[in-house]
Every structure is written in C-alpha cells, then in structure tokens.
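# any chance you could fold what I've pasted below:
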Amino acid sequence: MPNTYDIAVIGSGPASLTAAIYTSRGAAKTVILAGSNWGGQLMLTTEVENFPGFDHILGPELMAKMKNHAVKFGSEFIGADVEEVDFSRQPFTLKANGKDYQTKSVIITTGANARWLNLPSEREFIGRGVSSCAPCDAPFFKEKNVIVVGGGDSAMEEALVLTKYAASVTIVHRRSNFRASKIMQSKVLNHPKIKVIWDTEVTEILGTDKVSGVKLKNVKTGETRDMPIDGVFVAIGHDPNTKLFAGKLELDEKGYIKIISNSKFLISNEKGEEVGNRFSTMTSIEGIFAAGDVHDFRYRQAITAAGFGCQAAMDALSWLEEVRP
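So this is what the prediction gives:
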C-alpha cells in the first residue's frame, strides 16, 4: 500500500534524524514527518561547539548534515505537520497535509519549546546574545556580563553554569522571592558572582547586531531604566510539544510523554530480580516510542537527544523483529 511504513518518526531535530539514520540503515522502511518548520531548536542556534566531531558548526548546518545522512540511508523526508494520530489499532495511522500514513511503529521526537518573554525585540536576538540554554552557550560569554530571567530551579541552574564563564551574572525576577528549591536558592544567593534584581521584568532587549543591553521595569513602582549587558538567558520553563498526543498517550503533569515500564518486557537477573525494561523508550502504547526533549526535561542537549533517538530506533527495530505479530 502507498504511504505504508515500518517506522514513522514524528519530528525533525537531533533525536528524530538520529533515529531515522538507525532505522533506515536497519532496513526498516522509514518516513520522517518533519513538520513545516523542520530542524528543532538548533535551527535557532548560530554556533555549536559541543556536538562531538564538530568543534565549530552552525546549528542549521549541523541539522542539514543530519537530514542528508538520514535521507542517504533511505529515509523519506516529508516537511508536513502531523495533524491527527490514531493509536487505537495496528497499523497506526498518522494524518499529515491531508494524507494518511500507516505505520507499524512510531517514534515521537517532537521536542519541547522554551518559553520566551514574547518581546518584539527578543526573537531578533536569539543566537546573537539571547539564549535559553546556558550549558549550550555559556562558553560564548567568557568574561562578559549576563542576566538570567526567571525564578525557578531552571533559572538557578542557568545562573550557576554561567558563573564558570561570565564576569558577572544578574538574575532578574518579577517577584520578591524565588520559586526555586531552598538548596538552589542558597547556592545562588551565596555565590559571589551572582546578584539579584527583584520585582523587575525585562520589557525590551537593546542592541543592533547583537545584544548590548535591556530595558528593565520595576513592577511595583513602574520605574524603568536601561541596563548594559552582553547576554540574556531566558529561564522561565519549557512546553513539550505533546498536545497532539493528549488523551492518546500517558503524559506527566507537565505534559511530557511518560516512558512506561511494561510488565511484559521486564528484564530479570539470574536471581530473578527485576533489573530493567527491555524497551527503555516505550510509551504507554506498545510499538510507540519517544526520544529527546519530548520526554527528557532534564538534560535538553542535542547530543542527549541524539542518544535517545538511537535508543528509540534500536527499541523499535527490536520490537518489530521480535515482538510485533
């Protein structure tokens, strides 16, 4: 049948394309339903220095290389958004761009989007002084002055990472206290490189070719001022791209896809003790797997996403060969 596949990969970031490289190279007929804006978060990144094998590469260039690699091994790449899924029976059905795609197995790699400040000037400077990932971009701000926007654990973690590189780190928080855990607050508030501006929000990002400052507004007094700064790290949370799967798969309280330990696939040692699960990336529905930031809310790195993509691909191939009727 036309539009019938062994494995469909939904998404097109590092997890997606790594999974497709493995599945197509593993002789599984693979389609990548990449979305109309393909490539994931790295398409918004200028320089990448921490992906193995590339000490310096532009984010879009790295994604183009990964896409070409997957296509080289036979993956079909379709730049269309998946609009609807039917996981109620085999084969699974995915609808994209008005067409139905039937598949024996699915790997979901739709990622998560950082929450931004929604300022007109913000998107203009993403990759040119505005970031949502300190582990990715902190080395570009050696001996520079940066701010972190946020008040939760993520903001504390970003600030602490930045202290290893930046000359100074200022946390800008719109409330008079943090939401972060006590231990993280203690680390931040006692760090000599970190200071905090309370009850304040960023209303504009300033600069020409790159960030040169921000406009701050005190939410209590209404007073505004300009603050010269070299970098802005936004750490106000992420939203997993899982609305399509609500009610179809088990999600956690934040909307991330749950990885389920299916009792059918438990692994036991010689003593009969349960030591793991045979399919470490399987979701609540057998034959559907998840990889990358759509379930990983901790690491959020291109290389960890790629690693999860490899795991999901190998799980899907094994499931197709050994388990699926």
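# ok, longest strand in this structure?
Ranked by residue count under DSSP state E, the longest strand found in the chain is strand 99-108.
# can you give me the helices for the stretch 201-325 of the chain?
Per DSSP state H, counting those that start in this stretch, the stretch 201-325 of the chain carries helices over the ranges 302-322.
# sketch out the low-pLDDT regions of it for me.
For the stretch 201-325 of the chain, the stretches flagged by pLDDT under 70 are 263, 266, 268-269, 272-276, 325.
# returning to what we had before: can I get the longest strand of the chain as PDB, trimmed to CA atoms?
Backbone C-alpha positions of strand 99-108 (Å, rounded to 0.1, in the frame of the first residue of the first chain) are rendered in PDB as follows:
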ATOM      1  CA  LYS A  99      -2.800  12.400   3.700                       C
ATOM      2  CA  ASP A 100      -2.900   9.200   5.800                       C
ATOM      3  CA  TYR A 101       0.300   7.500   6.600                       C
ATOM      4  CA  GLN A 102       0.100   4.000   8.100                       C
ATOM      5  CA  THR A 103       2.900   2.600  10.100                       C
ATOM      6  CA  LYS A 104       3.700  -0.500  12.200                       C
ATOM      7  CA  SER A 105       5.700   1.600  14.800                       C
ATOM      8  CA  VAL A 106       6.100   5.300  15.700                       C
ATOM      9  CA  ILE A 107       9.000   7.200  17.300                       C
ATOM     10  CA  ILE A 108       7.800  10.500  18.700                       C
END
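# oh, and call the first residue 553 from now on, that's how I've got it
Shifting the count to begin at 553 puts that one at strand 651-660.
# partners of that strand in the sheet?
Paired with strand 651-660 in the same sheet, following DSSP bridges, are strand 556-562 (parallel), strand 644-648 (antiparallel), strand 840-842 (parallel).
# residue contacts, residue 848?
Contacts for residue 848 were tallied using C-beta atoms under 8 Å, 6 or more residues apart in numbering; they are 808, 856, 857, 860. From N, CA and C alone the C-beta is placed, and that goes for glycine too.
# identify the farthest-apart pair in those residues.
Taking C-beta to C-beta as the measure, those span a maximum distance of 14.4 Å, between 808 and 856.
# quick one, strands of the stretch 753-877 of the chain?
Assigned by DSSP state E, counting those that start in this stretch, the stretch 753-877 of the chain shows strands spanning 763-770, 776-780, 783-786, 790-792, 818-820, 826-829, 840-842.
# follow-up on the earlier one: between the strands paired with strand 651-660, which gets nearest to residue 708?
Between those, strand 840-842 lies closest to residue 708; by C-beta to C-beta that is 27.5 Å.
# hmm, who's touching the closest one?
639, 644, 657-661, 801, 809, 811, 831, 833-835, 864, 867-868.
# at 6 Å what do you get?
For strand 840-842, contacts defined as C-beta atoms under 6 Å, 6 or more residues apart in numbering pick out 658, 659, 660, 809, 833, 834, 835, 864, 867, 868.
# name the member of those residues with the most neighbours.
Neighbour counts for the contacts of strand 840-842 (other C-beta atoms under 10 Å) peak at residue 864, which has 35 neighbours.
# isn't that one up against residue 659?
Yes: using C-beta atoms under 6 Å, residue 864 is in contact with residue 659, at 4.8 Å.
# hey, what's in contact with both of the two?
With contacts taken as C-beta under 6 Å, 6+ apart, residue 864 and residue 659 have 571, 841 as neighbours in common.
# now the strands paired with strand 651-660 as JSON lines including distance to residue 689 and mean neighbour count?
Shown next, in JSON lines, are these (distance: least, C-beta to C-beta, whole Å; neighbours: other C-beta atoms under 10 Å):
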{"stretch": "strand 556-562", "distance to residue 689": "27", "mean neighbour count": "26"}
{"stretch": "strand 644-648", "distance to residue 689": "33", "mean neighbour count": "20"}
{"stretch": "strand 840-842", "distance to residue 689": "26", "mean neighbour count": "29"}
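# for stretch 644-662, give me every contacting residue.
For stretch 644-662, contacts defined as C-beta under 6 Å, 6+ apart pick out 555-563, 567-568, 571, 585, 632, 634-638, 643, 793, 839-844, 846, 864, 868, 872.
# now do it: distance from first to last residue.
The straight-line separation of the ends of stretch 644-662 (C-alpha to C-alpha, to the nearest Å) is 17 Å.
# what separates it from the chain centre, distance-wise?
21 Å (C-alpha atoms, centre = their mean, to the nearest Å).
# which strands and helices sit next to the host helix or strand of residue 738?
In the assignment (DSSP states H and E), residue 738 maps to helix 734-741. Helix 734-741 is packed against helix 705-714, with contacts defined by 3 or more C-beta pairs under 6 Å, 6 or more residues apart in numbering; DSSP states H and E.
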